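**Student:** Can you look at this prediction? I've put the sequence above it.
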2 protein chains.
Amino acid sequence: MKEKKISLAHGNGGVYMRELIDDIFASKLHNDFLNTEHDAAHLKLNNSDWAMTTDGFTVQPLFFPGGNIGSLAIHGTVNDLAVSGAKAKYLSLNAFLEEGLDITDLEIIVSSMAIAAKEAQIDIVTGDTKVLPFGHGGGIYFATTGIGERLKNLRLNHSNIQPGDKILVSGPIGNHGIAVMMAREAFGLSSDITSDSANIYPFVECLNALNTPEKIKCLRDPTRGGLNMLVQDWSRNTKLGVMLKEDQLPIEPAVASVCNMLGYDPFNLACEGRVLAAVSPELAQDVLQLWRELECGEQASCVGEFTCEHKQVVMETSIGGQRILQALEDEPLPRIC
Amino acid sequence: MKEKKISLAHGNGGVYMRELIDDIFASKLHNDFLNTEHDAAHLKLNNSDWAMTTDGFTVQPLFFPGGNIGSLAIHGTVNDLAVSGAKAKYLSLNAFLEEGLDITDLEIIVSSMAIAAKEAQIDIVTGDTKVLPFGHGGGIYFATTGIGERLKNLRLNHSNIQPGDKILVSGPIGNHGIAVMMAREAFGLSSDITSDSANIYPFVECLNALNTPEKIKCLRDPTRGGLNMLVQDWSRNTKLGVMLKEDQLPIEPAVASVCNMLGYDPFNLACEGRVLAAVSPELAQDVLQLWRELECGEQASCVGEFTCEHKQVVMETSIGGQRILQALEDEPLPRIC
């Protein structure tokens, strides 16, 4: 690594974070299961196929429209298992609590976790708590680890992706990032934008039910770094270009307004309840039809496709121009998950 | 809970921590697998028996004689699985890194993790990193979750414990707590005391090899709250008293000196490489003999026994008196793991 000190950019889902993970963690801890390009590790446990994933949560503030750090911690881990083709079953919970934290707030947050856990049909089976001195803890940090059984009809890997494959998104993007930013009362703005934080497993389950593993190439959830970072990863890993269509990106008008006002691109902002799928072109309409029948799936959309005509992520803009999108070095909104 | 705010005492392994865990986390998240009296959850995964555990690490300073937060994070989770009768196999790693952290320090720490993981024959299969703003992170916090296969010949549960059962400890107590305190350069003292941080699985494996599940009642590792808190837990859960013998407690002379000087009781200080076993009286000598042949097991000792003559934890002192030990409300040394 070129840098000598950790900076906030090392945590924001961009190229510095990738360098940190690859150069330090992956290079020293490497083994047959650790793959930093996947959201979860695939494990054989007594001859059955399981997946294991983990996530840390440091969102500020702890409460935001549409959720709080508790529900987010459940959704985040359930979703990482879902996009690796597994149904979450058991979770562990680590809580780092800051001295001075209001116990009523903690109770509300843990209750939200319990509701999210029940909805996702998972059990939190083990946990640990640590208390951090006042000023050191940001109120609460959580770490959750999940294990889940892999679905039989999904064998997801970006190496399956081919030119012509379509990129689908399950719903509007950017809500979580903007909702958290507004909850910080930044810029004196207010709105009724709510986070999309939710369990995306139903969107994966219906793909498994299609029983076409060869046509469903890869799934990911666009969290830190947003849709753009995810597509950049896919492009880099497949050595293919991606052509996105700006006018096909589902964006709620209120989110678009705030982004316009502040100069954000919604495709760089985190979602916490959306899934992106790379699928064979002939399957795209079937998937969209299934997704649009699900709760929060009404605006599912085909936003682009893979191409071998170039190696970059290019967006066809609404007015007919083309814009090359770059991998972010730094995220516009830190501490959103 | 009576308190309105989280205090440092809620993290120190004493009665406040138990109240926090029972009244908030366990009461809201309850399910068939979550048992706050055990170090790990027991799970059936495709008809085989597994255990899952998790731990957070916030030790200050990050480096101490005998280890650092990296090796400690591996040992802590491997050991929690070991005392639940399981051999750790796969771990997840969450890293919360503070802005400004020296990357060379991080490299040393992750290298120590890799060595500890190799020694314990486990793989770190998945991970996540978050960066916290300068001043908020204590340098590094880790959270590790482990899963492991349960050993066939151990069925550990404090409900098996009977009056007359012996309490064995695998080695000297108090080293970790004192080593970390000295590393803080508190009180201007210096010494060559090193932490006992280590993988205790070999001490459990040899008990499994005895193939006497009915005689090995319960295992625990005396971390936060030390040997005393652990024995208090056993006494409360079994509704039996415990008689400890002060002159049988293995304590290194240097640790005893520092404790005398500062008024600490070594049995209240954390170990990170010791195991306590409750076993049938007729098995006690066999276990001690096996343990004493293991590395760091030379000073294994029988330190007490369960009794139905009273309900408390009583220590027979070196000079022949009796002292009733209380459950700690607050730990003398916070942030030791």
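**Tutor:** Arrived safely.
**Student:** Could you give the bridge partners of the residue in the stretch 51-200 of chain A that chain B sits nearest to?
**Tutor:** Closest to chain B within the stretch 51-200 of chain A is residue A:131: 2.8 Å, counting by C-beta to the nearest C-beta. Where C-beta positions appear, they are placed from N, C-alpha and C, glycine not excepted. Following DSSP bridges, residue A:131 is listed with bridge partners residue A:97.
**Student:** What's the separation between it and residue B:285?
**Tutor:** The gap separating residue A:131 from residue B:285 is 41 Å, by C-beta to C-beta, to the nearest Å.
**Student:** who's more crowded, these two?
**Tutor:** In this view residue A:131 and residue B:285 are compared by other C-beta atoms under 10 Å in any protein chain shown, and residue A:131 has more residues nearby, 28 against 12.
**Student:** what's the span of stretch A:9-20 from first residue to last?
**Tutor:** End-to-end span of stretch A:9-20 (C-alpha to C-alpha, to the nearest Å): 10 Å.
**Student:** So which residues make contact with that stretch?
**Tutor:** Applying C-beta atoms under 8 Å, 6 or more residues apart in numbering or on different chains, the contact partners of stretch A:9-20 are A:1-3, A:6-7, A:36, A:223-226, A:229, A:270, A:327-331, A:334, B:97, B:129-132.
**Student:** which stretches of the stretch 201-337 of chain A aren't confidently modelled?
**Tutor:** Low-confidence segments of the stretch 201-337 of chain A (pLDDT under 70): A:331-332.
**Student:** can I assume the residue of the stretch 51-200 of chain A closest to chain B is in contact with residue B:56?
**Tutor:** No: Residue A:131 lies out of contact with residue B:56 (C-beta atoms under 8 Å); the separation is 10.0 Å.
**Student:** Mutual contacts of these two, please.
**Tutor:** residue A:96.
**Student:** Show me the residue at the heart of chain A, geometrically.
**Tutor:** Nearest residue to the geometric centre of chain A (C-alpha atoms, centre = their mean): residue A:223, 3.0 Å.
**Student:** so that residue touches residue A:273, yeah?
**Tutor:** No: using C-beta under 8 Å, residue A:223 is not in contact with residue A:273; the gap is 10.0 Å.
**Student:** tally of neighbours for residue A:101?
**Tutor:** The tally of other residues near residue A:101 (other C-beta under 10 Å) stands at 23.
**Student:** So what's the predicted local confidence for it?
**Tutor:** The pLDDT attached to residue A:101 in the predicted structure is 95.
**Student:** Pretty sure it sits against residue B:6.
**Tutor:** Yes: judged on C-beta under 8 Å, residue A:101 makes contact with residue B:6 at a distance of 4.1 Å.
**Student:** list the buried ones in the helix or strand in which residue A:18 is found?
**Tutor:** Using DSSP states H and E, residue A:18 sits within helix A:15-20. Buried residues in helix A:15-20, counted by 16 or more other C-beta atoms under 10 Å in any protein chain shown: A:15-18, A:20.
**Student:** pLDDT and distance to residue A:236 added to those residues, as CSV?
**Tutor:** Below are these laid out as CSV (pLDDT from 0 to 100; distance: C-beta to C-beta, whole Å):
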residue, pLDDT, distance to residue A:236
A:15, 81, 10
A:16, 86, 15
A:17, 86, 14
A:18, 85, 9
A:20, 91, 17
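**Student:** What is the nearest of these to residue A:243?
**Tutor:** Closest approach between the buried residues of helix A:15-20 and residue A:243, by C-beta to C-beta: residue A:15, at 22.0 Å.
**Student:** Could I get the phi/psi values of residue A:260?
**Tutor:** phi -60, psi -40 (degrees, to the nearest 10).
**Student:** What is the burial count for it?
**Tutor:** 10.
**Student:** likewise the one 5 residues further on?
**Tutor:** Taking other C-beta under 10 Å as the criterion, the count of residues near residue A:265 is 19.
**Student:** how far does stretch A:218-226 stretch from start to finish?
**Tutor:** With C-alpha to C-alpha as the measure, stretch A:218-226 spans 16 Å from end to end.
**Student:** And that stretch, how far out from the chain middle?
**Tutor:** Relative to its chain's centre, stretch A:218-226 lies at 4 Å (C-alpha atoms, centre = their mean, to the nearest Å).
**Student:** Residue A:35 touches residue A:52, doesn't it?
**Tutor:** No: when contacts are counted by C-beta under 8 Å, residue A:35 is not listed as touching residue A:52 (11.8 Å).
**Student:** so what's in contact with these two at the same time?
**Tutor:** Residues touching both residue A:35 and residue A:52 (C-beta under 8 Å, 6+ apart): residue A:41.
**Student:** more crowded one of the two?
**Tutor:** A side-by-side neighbour count of residue A:35 and residue A:52, using other C-beta under 10 Å, places residue A:52 first with 27 against 16.
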